[in-house]
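Colleague: Could you look at this predicted model? Sequence included:
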Amino acid sequence: MKTDIQSKGCGPGAVSRELASRLHRVETANVTWLGEDFPVFWERGEGCWVTDVDGGRYLDMTAAFGVAALGHCPAPVQTILKSQTDILIHGMGDVHPPLAKVELLEELAALVPIKNARITLGTSGTMATEIALKAAYVRTGRPEVLYFQGGYHGLSTGALSVIGHSRFRDPFAEQCATNPPPLRFPHDTASMKSCLIEIERVLQNTERRIGAIIIEPIQGRGGICVPPTDFLHQLRNLCDTTGTLLIVDEIFTGFYRTGERFASMHIEPDILLLGKALGGGLPIGVCVGKKDVMDAFGPSTGEALHTETFLGHPLTMRTALAMLKALEAEDTAQMVRNRGEQLKTILEGLVKRTSQFKIEIRGKGLMQGLAFFESMNETPAAEPVKKLVQGCLKEGLIVLGGGLDGNVLQFTPPLNISEDELEVFGERIGQAFQQYL
């Protein structure tokens, strides 16, 4: 670990700055934020570490949006990619499917909390959302979907109709399906009761045509928001009594991120969305549902109602199988819970040493965050998060901000981050708090 500490990155160097200038000349201006000391341009990744083009090494506390569940370039994925590229790179997923597609679907069906599951694959979490929205409509005949403030399910046109972030939806509002306003995501017993009453009221409104409710069991981009323990059970019961489908988006939380294989393991969703960690770095989305829901599309007559050119891509199928084997081979759940406790202890220490803001620790397992509020009036404070995201970069840490108000500093490292690496994180973020708050 000494080498990692001594060779830590300190923000963009000359090569990153030159690349930023080049990128500015060719990429759409809205895509990558180019600041004075942000970003760095990555060149290599290994485990929990990334190296930028100037040779700086950074501890990645984001797992690259939660994708690098077993770190960057994990050995199982490297091995299978090298062997699979000699055999078959591309296939015809919905015409002449590759063998690996069948094997992956069988493995997934055996793991998910849905009996007799049926699965449609996609190439991203966003696409999994699109499939789910279509499936809910063809099953119920009702086009509207309830969703939550802070919910994030992708940015395609269909997914925008159920996104709980107005800054993403509003520019395209006229193109989006008309759903009821987003529900308040509950954070305690009182808000849970109010939320359930509101959901029941909307579902009983005969002027509405609600076919489904979509929810993240823990909100990711919404600010690591955790609902009361019983909320998903209550929501499941309410959906059952009203004939409404329950879509659970576990694209971020799935595959042990929260210390369980799935954060919704204790209920049976009608539709379950997966992605991110499953691909091991390759793009994948999975829409898993009950047979009567997914088969509402009807049998194929040679033209699938939903498909993609890269559906069932052999390389992705093999890496996903390798990831499943690695994740299920050891007690990943206990490992994540242990590291999660260590992470929480570090965050508790930061909170105790910080007096200029009120800070709330959120999350579960290796999906945690610090929500900042002004000390005097407890309004969300985004400025310290902005400073810390950039300050952490100078201390050799990759972190992200989140939340509807941008006031949550988020930590979602690779699941196999070591105790020593978390100690390095503790030292570096402590330095960032001292220097940039």
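Modeller: Sure thing, it's come through. Numbers count the residues shown, from 1 in each chain.

Colleague: Please count neighbours and contacts with C-alpha atoms only from this point.
Modeller: Will do.

Colleague: what stretches of this structure score poorly on pLDDT?
Modeller: Across the chain, the ranges flagged by pLDDT under 70 are 1-7.

Colleague: show me where it has strands.
Modeller: 42-46, 49-52, 57-60, 118-122, 144-146, 210-215, 245-249, 271-275, 285-289, 357-364, 367-374, 397-398, 400-402, 408-411 (DSSP state E).

Colleague: Which elements pack onto the shortest one?
Modeller: In terms of contact count using 3 or more C-alpha pairs under 8 Å, 6 or more residues apart in numbering; DSSP states H and E, strand 397-398 is assigned the packing partners strand 57-60, helix 419-436.

Colleague: Report how many residues lie close to Gly406.
Modeller: 21 (other C-alpha atoms under 10 Å).

Colleague: Please tell me I have it right and it contacts Ala382.
Modeller: Yes - contact criterion C-alpha atoms under 8 Å: Gly406 and Ala382 qualify, at 5.0 Å.

Colleague: how about the strands of the chain in a markdown table, adding mean neighbour count and distance to Leu232?
Modeller: Converted to a markdown table, the strands of the chain look like this (neighbours: other C-alpha atoms under 10 Å; distance: least, C-alpha to C-alpha, whole Å):
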| stretch | mean neighbour count | distance to Leu232 |
| --- | --- | --- |
| strand 42-46 | 15 | 37 |
| strand 49-52 | 22 | 35 |
| strand 57-60 | 28 | 31 |
| strand 118-122 | 22 | 22 |
| strand 144-146 | 23 | 14 |
| strand 210-215 | 24 | 9 |
| strand 245-249 | 26 | 9 |
| strand 271-275 | 29 | 13 |
| strand 285-289 | 27 | 17 |
| strand 357-364 | 20 | 16 |
| strand 367-374 | 24 | 18 |
| strand 397-398 | 26 | 32 |
| strand 400-402 | 22 | 23 |
| strand 408-411 | 27 | 23 |
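
Colleague: which one of those strands lies closest to Glu421?
Modeller: Among the strands of the chain, strand 57-60 comes nearest to Glu421, with 7.9 Å by C-alpha to C-alpha.

Colleague: Output the helices and strands packed on strand 397-398 in CSV; the columns should cover distance to Cys73.
Modeller: Shown next, in CSV, are those (distance: least, C-alpha to C-alpha, whole Å):
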stretch, distance to Cys73
strand 57-60, 13
helix 419-436, 17
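
Colleague: So which of those is nearest Leu311?
Modeller: Closest among the helices and strands packed on strand 397-398, using C-alpha to C-alpha: strand 57-60, at 29.8 Å.

Colleague: so how far is the closest one from its chain's centroid?
Modeller: 20 Å (C-alpha atoms, centre = their mean, to the nearest Å).

Colleague: Let's have the strands of the chain in JSON lines, adding distance to Thr32.
Modeller: Formatted as JSON lines, the strands of the chain follow (distance: least, C-alpha to C-alpha, whole Å):
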{"stretch": "strand 42-46", "distance to Thr32": "14"}
{"stretch": "strand 49-52", "distance to Thr32": "16"}
{"stretch": "strand 57-60", "distance to Thr32": "19"}
{"stretch": "strand 118-122", "distance to Thr32": "25"}
{"stretch": "strand 144-146", "distance to Thr32": "31"}
{"stretch": "strand 210-215", "distance to Thr32": "28"}
{"stretch": "strand 245-249", "distance to Thr32": "26"}
{"stretch": "strand 271-275", "distance to Thr32": "23"}
{"stretch": "strand 285-289", "distance to Thr32": "23"}
{"stretch": "strand 357-364", "distance to Thr32": "28"}
{"stretch": "strand 367-374", "distance to Thr32": "23"}
{"stretch": "strand 397-398", "distance to Thr32": "16"}
{"stretch": "strand 400-402", "distance to Thr32": "14"}
{"stretch": "strand 408-411", "distance to Thr32": "19"}
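
Colleague: Next, count neighbours for Gly93.
Modeller: 19.

Colleague: Quick check: it touching Leu311?
Modeller: Yes - the pair Gly93 / Leu311 is scored as a contact, 5.1 Å apart, by C-alpha under 8 Å.

Colleague: Nearest to Leu235, out of the strands of the chain?
Modeller: Nearest of the strands of the chain (C-alpha to C-alpha): strand 245-249, 8.0 Å.

Colleague: So Gly363 versus Arg261, what's the distance?
Modeller: According to C-alpha to C-alpha, to the nearest Å, Gly363 and Arg261 sit 16 Å apart.

Colleague: Please apply the same query to Gln410.
Modeller: Remark: distance between Gln410 and Arg261 (C-alpha to C-alpha) = 21 Å.

Colleague: again with Ala381
Modeller: 33 Å.

Colleague: now swap in Ile218 and tell me
Modeller: In terms of C-alpha to C-alpha, Ile218 sits 14 Å off from Arg261.

Colleague: So which of the two has more stuff around it?
Modeller: Legend: neighbour count by other C-alpha under 10 Å for Ile218 and Arg261, higher for Ile218 (24 against 19).

Colleague: For that one, list the residues it contacts.
Modeller: Residues near Ile218 by C-alpha atoms under 8 Å, 6 or more residues apart in numbering: 224-227, 253, 263, 363.

Colleague: Now tabulate the residues you listed in TSV and tack on distance to Arg118.
Modeller: Shown next, in TSV, are the contacts of Ile218 (distance: C-alpha to C-alpha, whole Å):
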residue	distance to Arg118
Ile224	30
Cys225	30
Val226	28
Pro227	28
Thr253	21
Ala263	20
Gly363	31
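
Colleague: Which of the residues you listed ranks first by neighbour count?
Modeller: Thr253 (30 neighbours).

Colleague: Could I get the phi/psi values of it?
Modeller: Backbone torsions of Thr253, given as degrees, to the nearest 10, read phi -80, psi -20.

Colleague: Start at 818, not 1
Modeller: With the count now opening at 818, the last piece we talked about shows up as Thr1070.

Colleague: List the contacts of it.
Modeller: Thr1070 neighbours (C-alpha under 8 Å, 6+ apart): 1034-1035, 1079-1080, 1184.

Colleague: ok, back up a step: from the contacts of Ile1035, which single one is nearest Lys1204?
Modeller: Taking C-alpha to C-alpha as the measure, Lys1204 sits nearest to Ile1041 out of the contacts of Ile1035, at 19.2 Å.
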